[in-house]
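1. Compute the structure for the input listed below.
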Amino acid sequence: MPYYKPLKNVSATVRKRTVDNLKDLREQLDAQLPKKNTAESLIVGTWNIRNFDDNRFNHGPRLEESFYYLAEIMSRFDVLAVQEVCRDLRPLQKLMGILGWKYDFILTDVTHKSVGGNDERLGFIFDKNKVDFRGVAGELVLPPEMIISETADTRRQFSRTPFSCLFQSGWFKFMFATVHIYFGSSSTGTPEYERRVQEISRVAEYLADEAEKSDNNYILVGDFNILRPSSRGFNAIEDNGFQVIQNRHGSNADQTKFYDQISFKARENELQIVDPERDDRVFQFFDAVFTEAKFLKYRSTIRRMVERKMDDVDYQLANTTSASRCQKLTRKKESLQELIATDEATLVYYLKKWRTFQMSDHLPLWLELKVDFSSEYLDYLRAYTPE
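-> Predicted coordinates for the structure are as follows:
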């Protein structure tokens, strides 16, 4: 259970709003996700937690209450792959403080902006009471023969280096790998799209080869920037022997794109999915928090945020002599004014942009796996005949 006590220190209005939202969120989680903390199963997942948390796009910062909603969702996972953790780790440490002492994390260093990595990290957040980190971690660097070449004159590594760690829960040992694949362009036939497909293909091919040589099961998850099932990017995972978990709805905020995926390549009889016929393993948190019906509770907060940004623009206008700079700043102020000109305009901003920087523009995916094979092993021992 997350650590709620610091909510005593916020205003009564914010505290009541946060508690009401947490109760709505907990009710939805209870209804849609499996129960945690059973010895028989393990809940794994993946979540791109949008730009966490340097406010480089200036639609924030995240409210104090948003950290509680993020932590509430994360607390339902035994091990969760995360993408878009930024350079400054203080927001993550704040989030971990809410999650509580039994949770820990492992992260990469940031990837360089010059290779398209946007100064971001990949990593895992895990429940130490349920999952053991087995001491092996690494970033995937391609050998020369697998280098990415979307055009004849390009040779490159991944924009964000895939990251994997060896974990164990009960009898189940697994190499957990996460990616955040280069997006580039949604137009097929472009070099940027080809680069994306090659990144997906290379990581799946590399890990499939490692899985063949290993005694471990492999789980590959993350933000693949896949627009739809059966696309070249989606097929690149399956073509390399990974089984992809099917979901009938997408994982972006309006659930029209299938950016995020969970897949696995397992040893025979060592990975069993609980309730394998399900196709609804995407959690739509906007059904509980920052809903359209709750807009009025945040209208004044959004207006104050936008007004502070306009004040900053005014300050910059007063301290610049460049005509082109003044024109750019004036256009920026006009755009900001439009966001709060009417309630209708502010509502659109709240739904389409603002709330995705409070939570994310991606939804978490989850999968429950069986990890207790003791009955099967006892049956094996009963029938065992020494050679």
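2. ok, now which ones touch Leu367?
-> Residues in contact with Leu367, defined by CB atoms under 8 Å, 6 or more residues apart in numbering, are Ile43, Val44, Gly45, Ile245, Ile262, Ile273, Arg281. (Each C-beta comes from the backbone N, C-alpha and C, glycine too.)
3. Go again with 10 Å.
-> Residues counted as contacts of Leu367 (CB atoms under 10 Å, 6 or more residues apart in numbering) are 34, 42-46, 77, 219, 221, 245, 262-264, 273-276, 278, 281.
4. Show me just the buried residues among the residues you listed.
-> Burial by neighbour count, judged by 16 or more other CB atoms under 10 Å, picks out 42-46, 77, 219, 221, 245, 262-264, 273-274, 281 from the contacts of Leu367.
5. Spit out the contact partners of Asp279.
-> Here Asp279 is in contact with Ile245, Gln246, Asn247, Arg248, His249 (CB under 10 Å, 6+ apart).
6. could you redo the last one with a cut-off of 6 Å?
-> Gln246, Asn247, Arg248 (CB atoms under 6 Å, 6 or more residues apart in numbering).
7. The first one and Leu367: what is the separation?
-> So the one you mean is Gln246. 11 Å (CB to CB, to the nearest Å).
8. likewise the last one?
-> The span separating Arg248 from Leu367 equals 15 Å under the rule CB to CB.
9. still on that earlier bit, most neighbours among the contacts of Asp279, please name it.
-> Asn247 (20 neighbours; other CB atoms under 10 Å).
10. give me phi/psi at that residue?
-> phi -130, psi 140 (degrees, to the nearest 10).
11. again, but for Leu365
-> phi -110, psi 150.
12. can you check Asp223 too?
-> phi -90, psi 100.
13. which strand of this protein spans the most residues?
-> Selection of the longest strand in the chain by residue count, based on DSSP state E, yields strand 41-52.
14. Run through the neighbouring helices and strands of that one.
-> strand 79-86, strand 217-223, strand 365-370 (3 or more CB pairs under 6 Å, 6 or more residues apart in numbering; DSSP states H and E).
15. partner strands of the first one, parallel or antiparallel?
-> In the sheet containing strand 79-86, its partner strands are strand 41-52 (parallel), strand 120-127 (antiparallel), by DSSP bridges.
16. Out of those strands, the one nearest Phe286 is which?
-> Phe286 sits nearest to strand 41-52 of all the strands paired with strand 79-86, at 13.0 Å, using CB to CB.
17. okay but Leu317 is in contact with Thr330, surely?
-> No. Applying CB atoms under 6 Å, one finds Leu317 not in contact with Thr330, separated by 7.2 Å.
18. Please identify which helix or strand holds the residue lying closest to Val313 once chain neighbours are set aside.
-> Distances taken as CB to CB, 6 or more residues apart in numbering put Lys333 closest to Val313, at 4.6 Å, once the chain neighbours are dropped. If you go by DSSP states H and E, Lys333 is part of helix 323-339.
19. Run through the neighbouring helices and strands of that helix.
-> Using 3+ CB pairs under 6 Å, 6+ apart, helix 323-339 is in contact with helix 299-318.
20. From the chain's centroid, how far away is the helix it packs on?
-> Centroid displacement of helix 299-318 relative to its chain, using CA atoms, centre = their mean, to the nearest Å, is 30 Å.
21. circling back: can I get the contacts of Asp279 in TSV with distance to His362 and pLDDT?
-> Shown next, in TSV, are these (distance: CB to CB, whole Å; pLDDT from 0 to 100):
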residue	distance to His362	pLDDT
Gln246	18	94
Asn247	13	96
Arg248	17	95
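22. Which stretches in the stretch 101-250 of the chain count as strands?
-> Taking DSSP state E, counting those that start in this stretch, the strands of the stretch 101-250 of the chain run over residues 103-107, 120-127, 132-139, 163-169, 172-180, 217-223, 243-244.
23. Which of those sits closest to Ile200?
-> Comparing those under CB to CB, the one sitting nearest is strand 172-180, at 7.9 Å.
24. quick check: angle from the closest one to strand 103-107?
-> 50 degrees (axes from the mean of the first three to the mean of the last three CA atoms, to 10 degrees).
25. which helices and strands sit right next to strand 172-180?
-> Taking 3+ CB pairs under 6 Å, 6+ apart as the contact cut, strand 172-180 packs with strand 163-169, strand 217-223.
26. tilt between the last one and strand 172-180?
-> Computed with the same axes, to 10 degrees, the direction of strand 217-223 lies at 30 degrees from that of strand 172-180.
27. Pull up the pairing partners for strand 217-223, direction included.
-> Strand 217-223 is paired, per DSSP bridges, with strand 172-180 (parallel), strand 260-265 (antiparallel).
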